[in-house]
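> coordinates only, no sequence provided:
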């Protein structure tokens, strides 16, 4: 932003009026933390608040200011934590991801695949009632399909597989074929 021909570079000023101060603080932590965030304390996360929800908001911020590396780090972190704690994204998290990201976003793709997996393959009693399904499905699935990396993120070949498993890179925003330094678990 400041090393380009954007007006912010010419004025040496960027205004971010709609950024939540706590999310901006998390962004600063990432910048000054060697491109890392402190570990997620899952015990203080609820379905609609806490570090997981804050990371979804930070992902939206990263998309907004075109920081692909931060977006890729956040989605790797989210998937790592969901897999480690054997949790699925909450209904609120899926709705928030849809709200704070652009159409075709890798996070939307991941959330849509997660919702599909929960609805199709989860055999246990879950909070995913038919009412929640109807409310979320129309937005997350319809808004989430398409726009991935040549089908790598949201293509139908991944829709029968738990989206928390396998390479997290398929959910990243970076170009295909680029070396990805975000493999493994990032808690």
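Everything's here; your move. Please read all numbers here as calculations on a predicted model, not as lab measurements. Numbering: from 1, shown residues only.
> could you pull out the strands for the protein?
Counting by DSSP state E, the chain has no strands to list.
> which of the helices and strands in it ranks last by mean pLDDT?
Of all the helices and strands that make up the chain, helix 130-144 has the lowest average by mean pLDDT, DSSP states H and E, namely a mean of 51.
> can you give me the helices for this structure?
With DSSP state H as the criterion, the chain has helices at 7-11, 21-32, 51-64, 68-84, 91-100, 106-121, 130-144.
> got those as CSV, with mean neighbour count and distance to residue 42 columns?
(Glycine included, C-beta is placed from N, CA and C.) CSV is the format used below for the helices of the chain (neighbours: other Cβ atoms under 10 Å; distance: least, Cβ to Cβ, whole Å):
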stretch, mean neighbour count, distance to residue 42
helix 7-11, 11, 37
helix 21-32, 14, 16
helix 51-64, 22, 8
helix 68-84, 21, 7
helix 91-100, 21, 13
helix 106-121, 23, 17
helix 130-144, 16, 22
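> out of the ones you listed, which is closest to residue 169?
Of all those, helix 68-84 sits nearest to residue 169, with 8.1 Å by Cβ to Cβ.
> low-confidence stretches in this structure?
Scanning the chain for pLDDT under 70 picks out 1-10, 17, 122-160, 184-185, 187.
> ok, back up a step: make JSON lines out of the helices of the chain and add distance to residue 40.
Output for the helices of the chain, formatted as JSON lines (distance: least, Cβ to Cβ, whole Å):
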{"stretch": "helix 7-11", "distance to residue 40": "31"}
{"stretch": "helix 21-32", "distance to residue 40": "11"}
{"stretch": "helix 51-64", "distance to residue 40": "5"}
{"stretch": "helix 68-84", "distance to residue 40": "5"}
{"stretch": "helix 91-100", "distance to residue 40": "13"}
{"stretch": "helix 106-121", "distance to residue 40": "16"}
{"stretch": "helix 130-144", "distance to residue 40": "22"}
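> compare these and report which one is nearest to residue 166.
Comparing the helices of the chain by Cβ to Cβ, helix 68-84 comes nearest, at 9.6 Å.
> so what does the closest one touch, helix or strand wise?
Here helix 68-84 touches helix 21-32, helix 51-64, helix 106-121, going by 3 or more Cβ pairs under 8 Å, 6 or more residues apart in numbering; DSSP states H and E.
> reformat those as JSON lines; add distance to residue 45.
Shown next, in JSON lines, are the helices and strands packed on helix 68-84 (distance: least, Cβ to Cβ, whole Å):
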{"stretch": "helix 21-32", "distance to residue 45": "14"}
{"stretch": "helix 51-64", "distance to residue 45": "5"}
{"stretch": "helix 106-121", "distance to residue 45": "16"}
